[in-house]
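**Student:** give me coordinates for this.
(chains A, B, C, D, E and F)
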4 protein chains.
Amino acid sequence: MIKPPNPQRRSQKSHDAVLAAALELCAEEGYGRVTIEGIAARAGVSKKTIYRWWPSKGAVVLEALHEAADIAAPHPDTGNLAIDMRTQLAAVISFLSPPSHAPLAGLIADALSDPELAGLLRERLIRPRIAEFEQRMRRAQEQGQLHPDANLDIALDLFYGPLYHRLVFHLGLPEPEYLDTLIEHVIRALTSGEPSRSA
Amino acid sequence: MIKPPNPQRRSQKSHDAVLAAALELCAEEGYGRVTIEGIAARAGVSKKTIYRWWPSKGAVVLEALHEAADIAAPHPDTGNLAIDMRTQLAAVISFLSPPSHAPLAGLIADALSDPELAGLLRERLIRPRIAEFEQRMRRAQEQGQLHPDANLDIALDLFYGPLYHRLVFHLGLPEPEYLDTLIEHVIRALTSGEPSRSA
Amino acid sequence: MIKPPNPQRRSQKSHDAVLAAALELCAEEGYGRVTIEGIAARAGVSKKTIYRWWPSKGAVVLEALHEAADIAAPHPDTGNLAIDMRTQLAAVISFLSPPSHAPLAGLIADALSDPELAGLLRERLIRPRIAEFEQRMRRAQEQGQLHPDANLDIALDLFYGPLYHRLVFHLGLPEPEYLDTLIEHVIRALTSGEPSRSA
Amino acid sequence: MIKPPNPQRRSQKSHDAVLAAALELCAEEGYGRVTIEGIAARAGVSKKTIYRWWPSKGAVVLEALHEAADIAAPHPDTGNLAIDMRTQLAAVISFLSPPSHAPLAGLIADALSDPELAGLLRERLIRPRIAEFEQRMRRAQEQGQLHPDANLDIALDLFYGPLYHRLVFHLGLPEPEYLDTLIEHVIRALTSGEPSRSA
DNA sequence: TGATAACCGAGACGGTACGTCGTGTCTTGTG
DNA sequence: CACAAGACACGACGTACCGTCTCGGTTATCA
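**Tutor:** Purely as a prediction, here's the structure:
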């Protein structure tokens, strides 16, 4: 993963079988009950092959998630920031529901005690989404829906923070109505008054 | 924990030794590397004794954390909401640093795939803090620092969400300056415009 | 084996099941194809239990063989040394046939590269047989069938050496007629001329 | 070995490197710890190349031993059978010492559960030595040092058996003095009385 | 003031999964 | 086309913890 021994020699068939098996097992058993042995057995692959290309169960699931790309809900741009953010946040929420079976929730859990996985998670999965988020914010700034000096780091934290706060403490992911209220507050925080500079 | 066999016969000495050992091992090895066997050995207690009183490693650490009470930084009330929230959030941040060794981070991780632990975490550790937070908010409302109709659920999510968002994706916990900006935005979101009712 | 953790707590049932499974599998598959995993599975026992009490597969089979005691053919004493040795050597030969399935042959093979097993094999299985052999020799000396100064170490090597020589080089274990000739020669070597002292 | 694919295309360089690596590793680690992977790595040769020409680790070591030829101590002929046999047996003993590192001991161990290797060992390494032994015995008969009807199979077993008996049960290979006594007994067995016919 | 029942330490037990190693086969690309 | 390099499926290794389960030995109510 970090340094594939020799990418050219890699068997595409095994690679794909592993990722498919990982997602299937996550769906059937929940991330927590998935094991590398189980993935290997389901994929018809030896454990050694998995260990050769991925450092941990989390790395496998992460790549599977990445390839499945169904997290890649791109930020819509209808011209209305509030509506677009609601669409986007709802997509993320459905991707995290139910927390007990959402592979991403499992990755978050493992990453909390595995710095290597944490790095992969951040760089491969999260950073690209943040970049897309920032693009959308900048378009909002151009369109005058957001103050041109709005702090985008703050924006990110305020929009997405509540989701993960509620996720980790099992407070229930936001319902649509609550989501609207939340977005309304965040946009207000970003547009009124004298905003600070982006970090 | 949920149903102690006979609370009266419980050995205080063993109980304390287990909790102390749990915290020591978390500090030394990190939550993830702590095992019930390790706790039992360190505490000079049999595994059976642990299983008699707690359902899981997480429950032990949770109770240890609860007794240690150093999370229980109560909300200060200097009359200035922004300053008090900064104090409070900084306390929580230091309690979560470094994430790889903070027992609470480990509990969050385990709770993501253990509904029983999730319930304990929410009810024993988090709900009381939320109650304290809401008390402080209500005082701010009485003092006119917050709109009397401010939505306190939203307030909670906006104040604390960014911490956990940054925690789970390893984006770095907020630095003091960033924290100030954040608080400034949140208070603005809660005070300007026409807020919605509390859920 | 060398230092049982706590013999009192040992489960007799598991102990017996392991030894029985070991012998069964040796008989079915041959010593070389027996694995600790296989023994554990057949015995309905965890691998850890085997590793707790025995250091190696060989040690298990050795103890099984020891308990089975069918190697323990005691030296007969009809008063005729040649006849008795033929009986005894034939018993050992049948115990080593066929070499590919005889557990003892497997033990010999493993012991050649495992000093710990070699020690167990020598002390538990072989030394007692040597002691019995020497008792029989001494009775022969008392009965005048053997020179009173006959060197019993030499006697042991001459009587049994040919068996193992033929075993290890797959020269075919001695047939009855050849065995008689052999015994005749050995007894002659031990009785004629001026023998040296026992070492 | 048994059926080389195409002896003409065989790379002499690889062939030699494999045999040299095999002997080096036996000397460094002991036969038991040598692996085909290790030999391939040391020799700078692919595993496939080894499997193409030899059926097993044992076959490689056997051929290496055969080529090294230092086992080929030919039977000396000073005219004194006892002295010559002592010289010869001492050479074999030194070749088997220490048993834990002697490649031949490893071959014997493997051959006990590998009929193919057993065949190679017997035919390539042992039969030629037996032939040399028998030549020497026949010269002894011609010189009157041995009865002309002495049974040479018996002679072989009596001379060499004790070595392997002591080897397999780790009773300690014979010391020089003991060796003399042994030879004395064997020659006596073969010369006195009325010997039986050769088989 | 015993009896008696719970808790206690110690740790063996059947399991599951781990991550590693070596096997023998197969594939790819080079000389 | 033999070769090196090494990926592959397989299977066993020996280890670590899990959660359950005896064991005797305190220990602390109650009879």
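**Student:** would you list the phi and psi of the residue in chain A that chain B sits nearest to?
**Tutor:** For chain A and chain B, the shortest gap (C-beta to the nearest C-beta) falls at residue A:161, measuring 2.7 Å. To be clear about C-beta, it is placed using only N, CA and C from the backbone, and glycine gets the same treatment. Main-chain dihedrals, residue A:161, degrees, to the nearest 10: phi -50, psi -50.
**Student:** how about it, what does it touch?
**Tutor:** Applying C-beta atoms under 8 Å, 6 or more residues apart in numbering or on different chains to residue A:161 gives the contacts B:157, B:158, B:160, B:161, B:162, B:163, B:164, B:165, B:166.
**Student:** which of these sits closest to residue C:47?
**Tutor:** residue B:164 (41.8 Å; C-beta to C-beta).
**Student:** who's in contact with the closest one?
**Tutor:** Taking C-beta under 8 Å, 6+ apart, we find residue B:164 in contact with A:161, A:164, A:165, A:167, A:168, A:169, B:108.
**Student:** the last one sits in which helix or strand?
**Tutor:** Per DSSP states H and E: residue B:108 is located in helix B:103-111.
**Student:** contact partners of that helix?
**Tutor:** A:108-110, A:112-113, A:168-170, B:23, B:26, B:30-32, B:34, B:56-58, B:61-62, B:64-65, B:71, B:95-96, B:99, B:117-118, B:121, B:125, B:164, B:167-168.
**Student:** which parts of chain A sit against DNA strand F?
**Tutor:** A:5-6, A:9-11, A:14-15, A:44-49, A:52-53 (C-beta under 7 Å from any atom of the strand).
**Student:** give me the buried subset of those residues.
**Tutor:** Buried members of the residues of chain A next to DNA strand F, scored by 16 or more other C-beta atoms under 10 Å in any protein chain shown, are A:14, A:15, A:45, A:49, A:53.
**Student:** so what would you say the end-to-end distance of stretch A:74-89 is?
**Tutor:** 11 Å (C-alpha to C-alpha, to the nearest Å).
**Student:** that one close to chain B?
**Tutor:** No. Stretch A:74-89 lies out of reach of chain B by C-beta under 8 Å from any C-beta of the partner chain, never closer than 12.1 Å.
**Student:** ok, residue A:156 - contacts?
**Tutor:** Counting by C-beta under 8 Å, 6+ apart, residue A:156 has contacts A:130, A:133, A:134, B:165.
**Student:** who in chain A is up against DNA strand E?
**Tutor:** A:8-9, A:33, A:35-38, A:46-48, A:51, A:56-57.
**Student:** other SSEs contacting the strand or helix carrying residue A:180?
**Tutor:** Assigned by DSSP H and E, residue A:180 belongs to helix A:176-191. If you count contacts as 3 or more C-beta pairs under 8 Å, 6 or more residues apart in numbering or on different chains; DSSP states H and E, helix A:176-191 packs onto helix A:81-95, helix A:152-168, helix B:152-168, helix B:176-191.
**Student:** mind doing that once more with 10 Å?
**Tutor:** Counting contacts by 3 or more C-beta pairs under 10 Å, 6 or more residues apart in numbering or on different chains; DSSP states H and E, helix A:176-191 is packed against helix A:81-95, helix A:127-142, helix A:152-168, helix B:152-168, helix B:176-191.
**Student:** by how many degrees do that helix and helix A:152-168 diverge?
**Tutor:** 150 degrees (axes from the mean of the first three to the mean of the last three C-alpha atoms, to 10 degrees).
**Student:** in helix A:176-191, what's buried?
**Tutor:** Applying 16+ other C-beta under 10 Å to helix A:176-191 flags A:178-191 as buried.
**Student:** then that helix to CSV, C-alphas only?
**Tutor:** C-alpha atoms of helix A:176-191 as CSV (Å, rounded to 0.1, in the frame of the first residue of the first chain):
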residue,chain,number,x,y,z
PRO,A,176,-34.0,16.4,7.6
GLU,A,177,-35.7,19.1,9.6
TYR,A,178,-32.8,19.4,12.1
LEU,A,179,-30.4,19.4,9.2
ASP,A,180,-32.1,22.4,7.7
THR,A,181,-31.9,24.3,10.9
LEU,A,182,-28.3,23.4,11.2
ILE,A,183,-27.4,24.6,7.7
GLU,A,184,-29.3,27.8,8.3
HIS,A,185,-27.2,28.5,11.4
VAL,A,186,-23.9,27.6,9.7
ILE,A,187,-24.5,29.8,6.7
ARG,A,188,-25.5,32.6,9.0
ALA,A,189,-22.3,32.2,11.0
LEU,A,190,-20.3,32.4,7.8
THR,A,191,-22.1,35.4,6.2
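**Student:** quick one: average pLDDT of it?
**Tutor:** For helix A:176-191, mean pLDDT is 94.
**Student:** per the record, what domains does chain A have?
**Tutor:** Chain A breaks down by automatic domain parsing into domains covering A:7-68, A:81-191.
**Student:** mind putting the helices and strands packed on helix A:176-191 in a markdown table, distance to residue D:87 included?
**Tutor:** Listed next are the helices and strands packed on helix A:176-191 as a markdown table, based on distance: least, C-beta to C-beta, whole Å:
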| stretch | distance to residue D:87 |
| --- | --- |
| helix A:81-95 | 84 |
| helix A:127-142 | 78 |
| helix A:152-168 | 82 |
| helix B:152-168 | 79 |
| helix B:176-191 | 89 |
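**Student:** these: which one's closest to residue B:90?
**Tutor:** Comparing the helices and strands packed on helix A:176-191 by their distance to residue B:90 (C-beta to C-beta), the top pick is helix B:176-191, with 6.7 Å.
**Student:** that older thread, quick check, nearest of the residues of chain A next to DNA strand E to residue C:153?
**Tutor:** So of these, ranked by how close each gets to residue C:153 (C-beta to C-beta), first place is residue A:48, at 51.3 Å.
**Student:** so which strand or helix has that closest one?
**Tutor:** helix A:47-53.
**Student:** and that helix, what's its mean pLDDT?
**Tutor:** 97.
**Student:** roughly how far is the helix or strand following that helix from the heart of the chain?
**Tutor:** With elements assigned by DSSP H and E, the helix or strand that comes after helix A:47-53 is helix A:57-68. Its chain's C-alpha centre and that of helix A:57-68 lie 11 Å apart, by C-alpha atoms, centre = their mean, to the nearest Å.
**Student:** hmm, helix A:57-68 in reach of chain B?
**Tutor:** No. Using C-beta under 10 Å from any C-beta of the partner chain, helix A:57-68 stays clear of chain B, with a minimum separation of 11.4 Å.
**Student:** anything in stretch A:48-58 near chain D?
**Tutor:** No. Under the criterion of C-beta under 10 Å from any C-beta, chain D is not reached by stretch A:48-58; the shortest gap measures 13.1 Å.
**Student:** got the contact list for the nearest residue to residue A:93 once chain neighbours are set aside?
**Tutor:** Leaving aside its sequence neighbours, residue A:93 sits nearest to residue A:173 (C-beta to C-beta, 6 or more residues apart in numbering or on different chains; 4.9 Å). Neighbouring residues of residue A:173 by C-beta atoms under 10 Å, 6 or more residues apart in numbering or on different chains: A:89-90, A:92-94, A:96-99, A:162-164, A:166-167, A:179.
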